[in-house]
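Asker: Next one to model:
(chains A and B)
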Protein chains: 2
Amino acid sequence: MELWFTEKQTPVFGITAKIKETLVTEKTDFQDLSIIDTEEFGRMLVLDGMVMTTVKDEFVYHEMVAHPALFTHPNPKHVLVVGGGDGGVIREVLKHPEVEKAVLVDIDGKVIEYSKKFLPEIAGELNNPRVEVQVNDGYMHIVESKNKYDVIMVDSTEPVGPAVQLFERGFYQGIYEALKEDGIFIAQTDNPWFKADLIQKVNQDVKEIFPIVRVYGANIPTYPSGLWTFTLGSKTYDPLQVDETKIPEIDTKYYTPRLHKAAFVLPKFVEDLVK
Amino acid sequence: MELWFTEKQTPVFGITAKIKETLVTEKTDFQDLSIIDTEEFGRMLVLDGMVMTTVKDEFVYHEMVAHPALFTHPNPKHVLVVGGGDGGVIREVLKHPEVEKAVLVDIDGKVIEYSKKFLPEIAGELNNPRVEVQVNDGYMHIVESKNKYDVIMVDSTEPVGPAVQLFERGFYQGIYEALKEDGIFIAQTDNPWFKADLIQKVNQDVKEIFPIVRVYGANIPTYPSGLWTFTLGSKTYDPLQVDETKIPEIDTKYYTPRLHKAAFVLPKFVEDLVK
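Answerer: As a prediction, this is how the structure comes out:
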């Protein structure tokens, strides 16, 4: 018998992956959580039917959330990750020695628990002493934090279920206030083929709050359309003004100093969305 | 009843698209040809079970085959397209007024015939007087052409079926000889996630023949992994030495002068394949 997992990325289009084994399938307090082992992409974390990360391609997303912002800020000591309970972004954040403390706030403790157990390549650094893990509402954590973080990364699910609030203008205002006076924020903002409206809306909202707003992309095979976007808002530092020749080569598989600015050069139809 | 088309992009991973209508399904002398109308991507040309082009995302591939080479060559008068019977590359080539003649050589006349009938947005320029269409073996056309073309574009299927020869070292040698003394060639070279070996092999072969070899990428949602690569071989002109500020803005949806060099900045794992 052959088992295949299919994600409908839109009501009329999807991806399908042959399964070796289903390791977890559980309804948590917040979402449907599964971990399945696929032939092509290895173990895969699935929330509410959507692929969150896979062992084979996770490095793209996690590197591209962490490094552009951290190599733009000259001295990022305190970093907050909202969501990201699989620990992949945290692993990349810790590659920056100037980060003294990284706080991870995920609303769903089960994501953290199962990622530690079944995705150790991704979640392994969650026990690092530089990391503080809180099982908590990221929105509330932002509201309660003032002038506290150098960099805030929003590693959320799509804007359905527990993440709806994380795509609202009020949340970005809260992030602005939770950042120090020269802070940077970065959020995943879905894909331009099926979710152009979302990218445009977030861009407009963030531009009303942050003086510097930039959008970049990365290729993630298991995410809808294969092209993912990230929106960066900054109070002082512009990622496009960074001297790339001064970015050190660190251990990565996707990000490079050469890609630091090139990732911000968007296809025409995406450029038009965020003009 | 719901009908879905599924392409197994690897034996254990694929994409699946809901179908409105199947317009053509036929075994030609060379391959299985279908044209299906899908809900998400509109009409889709499928050869031997693989998506070749769709009305919604075709612009990416066709623009990215044509423009990087044509904006690198200072005076491309004579252009050859090998394969590409759907006419999309030809449409983009004709946006360059200095191109006096574009020759299209596709081995399968049925691809041309059905594209003209069912994909007029893509194939519409095949009747342009600057275009010469030949139903012929592209390999033989290359062997018989010497010192003839300014730019040669290989718009082939995957290296299965009729296109196997178009990925061999001897073919690239033939292309070198078919080009003028300052000619440029460009070929689609599949994706780095599932076909890393192919990219590496082509790169090594082309480097033995052409003094300048560059690889660039583009996001194509309906192609495996969403990240497609293109390999460019050049006798004289380097795409990375082009003055981007002198590239005119033409009517495109993906390519821009700003992307001309940025597209050549590859993710680390792809960079490593073509070092």
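Asker: hey, let's count contacts and neighbours off CA atoms from now on
Answerer: Noted.
Asker: Count the residues that sit near residue A:231.
Answerer: Around residue A:231 there are 23 other residues, counting by other Cα atoms under 10 Å in any protein chain shown.
Asker: what does the one 10 residues further on give?
Answerer: Residue A:241 is surrounded by 9 other residues when neighbours are defined as other Cα under 10 Å.
Asker: cool, residue A:250 as well?
Answerer: Residues near residue A:250, counting by other Cα under 10 Å, number 12.
Asker: That one: what's its closest spatial neighbour, skipping adjacent residues?
Answerer: Leaving aside its chain neighbours, residue A:250 sits nearest to residue A:95 (7.6 Å; criterion: Cα to Cα, 6 or more residues apart in numbering or on different chains).
Asker: The one you found in helix, strand or coil?
Answerer: coil (DSSP: H, G, I helix; E, B strand; the rest coil).
Asker: Quick one, grab the pLDDT at it.
Answerer: On pLDDT, residue A:95 comes in at 98.
Asker: Can you list the low-confidence ranges for chain A?
Answerer: Along chain A, no part satisfies pLDDT under 70.
Asker: what ranges do the strands span in it?
Answerer: A:4-10, A:13-27, A:32-38, A:42-47, A:50-54, A:78-83, A:101-106, A:131-135, A:149-155, A:179-188, A:212-219, A:227-234 (DSSP state E).
Asker: Report the residue ranges of every domain in chain A.
Answerer: A:4-54, A:58-274 (automatic domain parsing).
Asker: I'd like the distance from the last one to the chain centre, please.
Answerer: Domain A:58-274 has its average C-alpha position 5 Å from the chain's average C-alpha position, going by Cα atoms, centre = their mean, to the nearest Å.
Asker: cool, the shortest one as well?
Answerer: On the basis of Cα atoms, centre = their mean, domain A:4-54 sits 18 Å off its chain's mean C-alpha point.
Asker: Any part of it near chain B?
Answerer: Yes. Domain A:4-54 reaches chain B (Cα under 8 Å from any Cα of the partner chain) through A:12-18, A:39-40.
Asker: Any residues of the stretch 151-275 of chain A in contact with chain B? List them.
Answerer: For the stretch 151-275 of chain A, the residues in contact with chain B (Cα under 8 Å from any Cα) are A:219-222, A:224-227, A:252-256, A:258-259, A:262-263, A:265-269.
Asker: Pull out the buried members of these.
Answerer: Neighbour-count burial within those applies to A:219-222, A:224-227, A:252-256, A:258-259, A:262-263, A:265-269; the criterion is 16 or more other Cα atoms under 10 Å in any protein chain shown.
Asker: hmm, who's touching stretch A:22-41?
Answerer: Contacts with stretch A:22-41, where a contact means Cα atoms under 8 Å, 6 or more residues apart in numbering or on different chains, come from A:17-21, A:43-49, A:54-57, A:108, A:110-111, A:118, A:161-162, B:12-13.
Asker: Weed out the non-buried ones from those.
Answerer: Of the members of the contacts of stretch A:22-41, the ones counted as buried by neighbours, 16+ other Cα under 10 Å, are A:17-20, A:43-49, A:54-55, A:57, A:108, A:110-111, A:118, A:162, B:13.
Asker: Relative to residue B:208, which of the domains of chain A is closest?
Answerer: Residue B:208 lies closest to domain A:58-274 among the domains of chain A, at 26.0 Å (Cα to Cα).
Asker: Quote the end-to-end distance of the closest one.
Answerer: End-to-end distance of domain A:58-274: 26 Å, with Cα to Cα, to the nearest Å as the criterion.
Asker: who's in contact with the closest residue to residue A:130 other than its chain neighbours?
Answerer: Spatial nearest neighbour of residue A:130, chain neighbours left out: residue A:101 (4.9 Å); criterion: Cα to Cα, 6+ apart. With contacts defined as Cα under 8 Å, 6+ apart, the neighbours of residue A:101 are A:77-79, A:130-132.
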